[in-house]
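Colleague: just coords:
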């Protein structure tokens, strides 16, 4: 498999500009608004679903015990929430067919 590259938000904006012929400023503002809205909804505990692409949601980790590496001391790791993504069928199919 070929080495993958990292695509930045600016790269995505450039691709959308090329595909739509819309002004770069308009596309950037739209992408920023979309991402800000998604972050606000997820942070509020709502699930964001983009059909075919995937779902973003908040998941919870229970409190658990761990070991401090340097001292081997037992520690308590508090419960926490974290953002999670689950790929949709179209994305899974596209990724799995890539060779």
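Modeller: Happy to help now that I have it. Computed from a predicted model, the values in this text were never measured in an experiment. Numbers count the residues shown, from 1 in each chain.
Colleague: which parts of the top helix by length along the chain are buried?
Modeller: Secondary structure of the chain per DSSP state H: the longest helix is helix 24-43. Buried residues in helix 24-43, counted by 16 or more other Cβ atoms under 10 Å: 27, 28, 42. Backbone N, C-alpha and C define where each C-beta goes, glycine included.
Colleague: thought the last one was touching residue 49?
Modeller: No - checked against Cβ atoms under 8 Å, the pair residue 42 and residue 49 is beyond contact range at 11.2 Å.
Colleague: and for those two, which residues touch both?
Modeller: Counting by Cβ atoms under 8 Å, 6 or more residues apart in numbering, the shared contacts of residue 42 and residue 49 are residue 56.
Colleague: quick check: the gap between the residue sitting nearest the centre point of the chain and residue 45.
Modeller: The structure's the chain has its C-alpha centroid closest to residue 85; by Cα atoms, centre = their mean the separation is 5.9 Å. Applying Cβ to Cβ, to the nearest Å, the value for residue 85 to residue 45 is 16 Å.
Colleague: looking at the buried residues of helix 24-43, spot the one nearest residue 70.
Modeller: For the buried residues of helix 24-43, the closest approach to residue 70 (Cβ to Cβ) belongs to residue 42, at 34.7 Å.
Colleague: contacts only, for the closest one.
Modeller: 48, 56, 57, 58, 83.
Colleague: let's see which of these end up in strands.
Modeller: Using DSSP state E, 48, 56, 57, 58, 83 are the members of these that sit in strands.
Colleague: in the sheet, who's paired with the first one?
Modeller: With DSSP bridges as the criterion, the beta-bridge partners of residue 48 are residue 56.
Colleague: per-residue pLDDT, it?
Modeller: Residue 48 is assigned 98 on the pLDDT scale.
Colleague: got a list of what it touches?
Modeller: Counting by Cβ under 8 Å, 6+ apart, residue 48 has contacts 38, 41, 42, 55, 56, 57.
Colleague: near the last one, how many other residues are there?
Modeller: Spelled out, that is residue 57. 15 (other Cβ atoms under 10 Å).
Colleague: in space, what's closest to it - neighbours in sequence excluded?
Modeller: residue 47 (4.3 Å; Cβ to Cβ, 6 or more residues apart in numbering).
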